[in-house]
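**Student:** Predicted structure and sequence below. I'll ask about it afterward.
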Number of protein chains: 2
Amino acid sequence: MAATGLHLVGTGAGSPLNMTVGGKEIASSCDYRFLEGYTSLLGENGENRLEKLVGAYEIIRRPEVENPERILELAKSNSVALLVVGDPMQATTHVDLLLRCKDEGIHTSVHHAVSAVDLVCAGLGLQSYRFGRQVSLTFPHGNHLPTSPLEFIAENRFLGLHTLVLLDLDPTGMGIEQPQPMTPPQAFEVMCRMVERLKDDPPPHLELENVSSARDLSRLKAVKWLLNEKIGDVHAVICSNLGSSNAQIKSGLLSKITENCVSGIHSIVITGELIGMEKDALEKLH
Amino acid sequence: MAATGLHLVGTGAGSPLNMTVGGKEIASSCDYRFLEGYTSLLGENGENRLEKLVGAYEIIRRPEVENPERILELAKSNSVALLVVGDPMQATTHVDLLLRCKDEGIHTSVHHAVSAVDLVCAGLGLQSYRFGRQVSLTFPHGNHLPTSPLEFIAENRFLGLHTLVLLDLDPTGMGIEQPQPMTPPQAFEVMCRMVERLKDDPPPHLELENVSSARDLSRLKAVKWLLNEKIGDVHAVICSNLGSSNAQIKSGLLSKITENCVSGIHSIVITGELIGMEKDALEKLH
């Protein structure tokens, strides 16, 4: 049986079937169960499936996780499971929650699950050690458009590495609405706008007179190199609804594959060099 | 029930409890079950636990997976589960196996699990988007000592990123013996030897007269920068037996933390810049 304290349990990406056997055991034996957030991200019929696996749960929103007084109070004398869609440690909020528990002497345990990152990196047949750092594209708010995601993509490609690009789920940035995940055409448009911004109005750290370290220079070179390509002609893979029954994988030129995607949740891999079996895997396995 | 064909099912790293609910369902309903390789990597009492979860299985070694005629023949008219410790798609062998099935018209499915990479990247409280490419350290064979792992670590650190360093499990390189995982002192020694090699006898692509592209130059700079540090003074984290009951996490200077580790399976994170909550998480959560 689950010990008194707070247990973070990942439900897995795409479907609660991607929860681990150990996570299911803990969650189903807790006195209280909360599910954080977006139930529509649990995949088709996910709410029922999850309830069948672990028992009934209460749905709470991000603000209640960020101000977790009620949950922590309960966890002082009960076993409490916080169910998180995907893997529970991909978000800083949950690291923060564990640190608070530590401060307050509350026992914790973490039960990982198969995340969107796993499904993409391990699932495409691309080699996991050929991925550089991952990036996230957020919905632009007015004129605010940081170009760092595209700069990191440039750095990875410059090194021949793939980049996993996670797309924002929440246009409000508040975590309280039902999600409206960014679509591939929206993501392509955001990247095109970043290209324009980098060309017309580059951030100070990419102006030659401000480049003070070898590291800055290296990034500048990578970005200049990417800007020589047409962003729409970059080879990429769109991964839609991975882990669920309506999964779709499309690879090809970014400007082409962003058209006519299924609806749902997407991420994009901007490929670096495809080596060994990677090309075959992309062409034949999906 | 599992369909006729080959089902790749990850058992998870550290413990079969890290297998997914979906993977367990498929594996337990297959006509035939094979476990690839190293049962000692299943964690404490792992063989019994796995059998309880999915039913009896036959253990096969890597050569039988690389020359899979028997398995493929069976999979043409039965449902066959190939159980793989960790995640099944981290190894090229399994991508190759899926491609062969495709050629021979055999149905396949893949069931991911929580891998060592997940446990480290998500489990330490370090942010997953702050990891650069991962590297593997293999046992040196005589004088053969490629320095590329240390070059990649240098490139990542140069960009402020963490590096997950996976350690070799098999000194024979043949996949047929019981594993003798590389220990942290052995890993430290291999890295020290790479430093010496890079200083005394650098590979051709790191000699200035051969540097022809901005990318080569960038790597050269990163390596020179790393060689200015003492490798033993680099900050790192040793992750031992993650996902199992005798897990241990130690962080500090590489030369210090490699001493007095528990026995078992290890990986090392060479940290880049620690930002936000990362430092707190490393200090307090483990």
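**Tutor:** Noted; the coordinates are in hand. Note that the coordinates shown come from a computational prediction; the quantities given were computed from them, not determined experimentally.

**Student:** Skip the chain neighbours and tell me the closest residue to the residue nearest the centre of chain A.
**Tutor:** In chain A, the residue lying closest to the centroid (CA atoms, centre = their mean) is residue A:166, at 4.7 Å. Among residues not flanking residue A:166 along the chain, residue A:136 sits closest, at 4.6 Å (CB to CB, 6 or more residues apart in numbering or on different chains). Any C-beta I mention is one placed from the backbone N, CA and C, and that applies to glycine too.

**Student:** On the three-state scheme, the one you found is what?
**Tutor:** strand (DSSP: H, G, I helix; E, B strand; the rest coil).

**Student:** ok, it - how many residues close by?
**Tutor:** Neighbours of residue A:136 under the rule other CB atoms under 10 Å in any protein chain shown: 15.

**Student:** so which strand or helix has the closest residue to chain B within the stretch 101-250 of chain A?
**Tutor:** Using CB to the nearest CB, the closest approach of the stretch 101-250 of chain A to chain B is made by residue A:122 at 3.9 Å. Element membership of residue A:122, judged by DSSP states H and E, is helix A:116-123.

**Student:** who touches that helix?
**Tutor:** Applying CB atoms under 8 Å, 6 or more residues apart in numbering or on different chains, the contact partners of helix A:116-123 are A:13-14, A:18, A:86-87, A:90, A:128, A:131, A:134, A:164, A:166, A:239, A:242-243, A:265, A:267, A:269, B:87-90, B:110, B:112, B:114-115, B:118, B:128.

**Student:** centre of the chain versus it, how much separation?
**Tutor:** Centroid separation for helix A:116-123 versus its chain: 10 Å, with CA atoms, centre = their mean, to the nearest Å.

**Student:** right, and the residue nearest to residue A:166 touches residue A:168 too?
**Tutor:** Yes: the criterion here is CB atoms under 8 Å, and residue A:136 meets it with residue A:168 at 6.8 Å.

**Student:** Next, the angle helix B:116-123 makes with the helix holding residue A:122.
**Tutor:** Here helix A:116-123 runs at an angle of 160 degrees relative to helix B:116-123 (axes from the mean of the first three to the mean of the last three CA atoms, to 10 degrees).

**Student:** Look up the pLDDT of the nearest residue to the residue of the stretch 101-250 of chain A closest to chain B once chain neighbours are set aside for me, please.
**Tutor:** In this structure, residue A:122 finds its nearest non-sequential neighbour in residue B:89, 3.9 Å apart by CB to CB, 6+ apart. The model reports residue B:89 with a pLDDT of 86.

**Student:** same check, this time on residue A:244
**Tutor:** With respect to pLDDT, residue A:244 scores 86.

**Student:** cool, the one 3 residues further on as well?
**Tutor:** Here the pLDDT value assigned to residue A:247 is 90.

**Student:** and it, what does it touch?
**Tutor:** Counted by CB under 8 Å, 6+ apart, residue A:247 has contacts A:14, A:239, A:240, A:241.

**Student:** Now secondary structure and distance to chain B too, for the residues you listed, in JSON lines please.
**Tutor:** Listed next are those as JSON lines, based on DSSP: H, G, I helix; E, B strand; the rest coil; distance: CB to the nearest CB, whole Å:
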{"residue": "A:14", "secondary structure": "coil", "distance to chain B": "10"}
{"residue": "A:239", "secondary structure": "strand", "distance to chain B": "13"}
{"residue": "A:240", "secondary structure": "strand", "distance to chain B": "17"}
{"residue": "A:241", "secondary structure": "coil", "distance to chain B": "15"}
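
**Student:** Now rank those by neighbours and give me the top one.
**Tutor:** residue A:14 (28 neighbours).

**Student:** Number of residues surrounding the closest residue in space to residue A:192 that isn't next to it in sequence?
**Tutor:** Using CB to CB, 6+ apart and skipping the chain neighbours, the partner closest in space to residue A:192 is residue A:231 (6.0 Å). By the measure other CB under 10 Å, the count of residues near residue A:231 is 19.

**Student:** re the thing from before, so which helix or strand takes in the residue nearest to the centre of chain A?
**Tutor:** Under the criterion of DSSP H and E, residue A:166 resides in strand A:163-167.

**Student:** Name the next helix or strand downstream of that strand, please.
**Tutor:** Using DSSP H and E, the helix or strand that directly follows strand A:163-167 along the chain is helix A:184-200.

**Student:** buried sites along that next one?
**Tutor:** Neighbour-count burial for helix A:184-200, counted by 16 or more other CB atoms under 10 Å in any protein chain shown, picks out A:184, A:186, A:187, A:188, A:190, A:191, A:192, A:194, A:195, A:197, A:198.

**Student:** okay, these in a markdown table with pLDDT next?
**Tutor:** Converted to a markdown table, those look like this (pLDDT from 0 to 100):
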| residue | pLDDT |
| --- | --- |
| A:184 | 97 |
| A:186 | 96 |
| A:187 | 97 |
| A:188 | 97 |
| A:190 | 96 |
| A:191 | 96 |
| A:192 | 95 |
| A:194 | 95 |
| A:195 | 95 |
| A:197 | 93 |
| A:198 | 93 |
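
**Student:** surely residue A:158 meets residue A:221?
**Tutor:** Yes: Residue A:158 is in contact with residue A:221 according to CB under 8 Å; the separation is 7.2 Å.

**Student:** Report the inter-axis angle for the helix holding residue A:122 versus strand A:163-167.
**Tutor:** Orientation check (the same axes, to 10 degrees): helix A:116-123 against strand A:163-167 gives 140 degrees.

**Student:** For helix A:116-123, list the C-alpha coordinates in CSV.
**Tutor:** What follows is helix A:116-123, C-alpha atoms only, in CSV (Å, rounded to 0.1, in the frame of the first residue of the first chain):
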residue,chain,number,x,y,z
ALA,A,116,6.0,12.5,-25.5
VAL,A,117,9.8,12.9,-25.6
ASP,A,118,10.3,9.1,-25.3
LEU,A,119,7.7,8.4,-28.0
VAL,A,120,9.3,10.7,-30.4
CYS,A,121,13.0,10.1,-29.7
ALA,A,122,12.7,6.3,-29.3
GLY,A,123,9.7,5.8,-31.5
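
**Student:** mean confidence score for that helix?
**Tutor:** Averaged across helix A:116-123, the pLDDT comes to 84.

**Student:** same question, stretch A:24-31
**Tutor:** Mean pLDDT, stretch A:24-31: 98.

**Student:** which of the residues in that stretch are buried?
**Tutor:** Buried residues in stretch A:24-31, counted by 16+ other CB under 10 Å: A:24, A:26, A:27, A:30.

**Student:** what's in contact with it?
**Tutor:** Residues from elsewhere that reach stretch A:24-31 (CB under 8 Å, 6+ apart): A:1-2, A:7, A:9, A:19, A:33, A:53-55, A:78-81, A:83, A:109, A:111, B:17, B:21.

**Student:** Among these, which lie within helices?
**Tutor:** Here DSSP state H is the test, and the contacts of stretch A:24-31 give A:53, A:54, B:21 as lying in helices.

**Student:** Provide a list of residues in contact with the nearest residue to residue A:182 once chain neighbours are set aside.
**Tutor:** By the measure of CB to CB, 6+ apart, the closest residue to residue A:182 outside its immediate chain neighbours is residue A:167, 4.0 Å from it. Counting by CB under 8 Å, 6+ apart, residue A:167 touches A:136, A:137, A:181, A:182, A:186, A:187, A:265, A:266, A:267, A:268.

**Student:** how about the strands in chain A?
**Tutor:** Taking DSSP state E as the test, the strands found in chain A are A:5-12, A:32-36, A:58-60, A:79-85, A:108-111, A:135-137, A:163-167, A:235-240, A:248-253, A:266-270.

**Student:** ranking those by burial, who's on top?
**Tutor:** Stretch with highest mean neighbour count among the strands of chain A: strand A:5-12 (a mean of 28; mean count of other CB atoms under 10 Å in any protein chain shown).

**Student:** Please tell me how far it is from the chain's geometric centre.
**Tutor:** From the chain centre to the centre of strand A:5-12 is a distance of 18 Å (CA atoms, centre = their mean).

**Student:** Equivalent analysis for stretch A:244-255, please.
**Tutor:** On CA atoms, centre = their mean, the centre of stretch A:244-255 falls 16 Å from the chain's centre.
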